[in-house]
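Asker: Here is a sequence with its predicted model. Questions after.
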Amino acid sequence: MNVATSTIIQSTAERLWPLLTSSQMTASGRFCLGVPRPVACELPSAVGEVGAERRCISDRGTVIQTITHWNPPTRLKFRMRSTDHQWGRCVESIEEDFHIEEIPKGVRITRVTRIKAKGFLSRVKEALFCIGLKRVHFYVFKNWRNQPATASF
C-alpha cells in the first residue's frame, strides 16, 4: 500500500536536500494510538550514496535503512533494513521515495511510502499503518519548513 504526501516549502532544492539525511524534529505535534514521533534522521557514516545507511530515530525506536537511489538534490530512495519498533514484527517491507522539484514558490517535496504488512489481516494492518504514516509525513514536513539548511552534498 502506498502513502503519498506533498507540500511546498519556501526554499531551494539545494538548501532542503541536507535535511533528508540530517535533521532534528523539534516542532510540537500530537501523536496517538502508538504512532511514533520522529526525533531525527541521520547518516551514521556522514556519507550519502547508494548502499549507505540512513537512520530514522523516533521516540519509540529506530529504523535502519539502506539508500537505494541517491541523486542530490532531487531524489532519495531507501528501504528498511531493520527496526526495533514494536510494529516491526508486522511489517514485511517499507520503502521511501523523496522527490524534490523547484517551482516558482520554492520547492515541492513529495514523499511516497510503500508498506507491505505480513501475517493475518495484512491488508487491514496496511490501512492502519497508512493512517499513522500520513501523520508522520505531515510532521516531518512541518519540521523541515522551520529548519534552516545549508547545502552539503
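Answerer: Everything's here; your move. Numbers count the residues shown, from 1 in each chain.

Asker: okay, CA-based contacts and neighbour counts for the rest of this
Answerer: OK.

Asker: ranges for the strands of this protein?
Answerer: With strands called from DSSP state E, the chain shows them at 2-9, 23-24, 38-42, 53-58, 61-71, 75-83, 91-103, 106-117.

Asker: Rebuild the ones you listed as CSV, extending it with mean pLDDT.
Answerer: Output for the strands of the chain, formatted as CSV (pLDDT from 0 to 100):
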stretch, mean pLDDT
strand 2-9, 97
strand 23-24, 94
strand 38-42, 95
strand 53-58, 97
strand 61-71, 98
strand 75-83, 98
strand 91-103, 97
strand 106-117, 97
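
Asker: now those as TSV including mean neighbour count and distance to residue 132?
Answerer: Shown next, in TSV, are these (neighbours: other C-alpha atoms under 10 Å; distance: least, C-alpha to C-alpha, whole Å):
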stretch	mean neighbour count	distance to residue 132
strand 2-9	17	10
strand 23-24	18	20
strand 38-42	20	12
strand 53-58	21	13
strand 61-71	18	15
strand 75-83	19	17
strand 91-103	18	14
strand 106-117	20	11
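
Asker: So which of those strands is nearest residue 31?
Answerer: With distances scored as C-alpha to C-alpha, the stretch of these nearest to residue 31 is strand 38-42 (10.0 Å).

Asker: what does the biggest helix by length in the chain contact?
Answerer: The longest helix of the chain (DSSP state H) is helix 122-145. Contacts with helix 122-145, where a contact means C-alpha atoms under 8 Å, 6 or more residues apart in numbering, come from 1-5, 7, 9-10, 16, 19, 23-27, 29, 31, 35-38, 90, 111, 113, 115-117.
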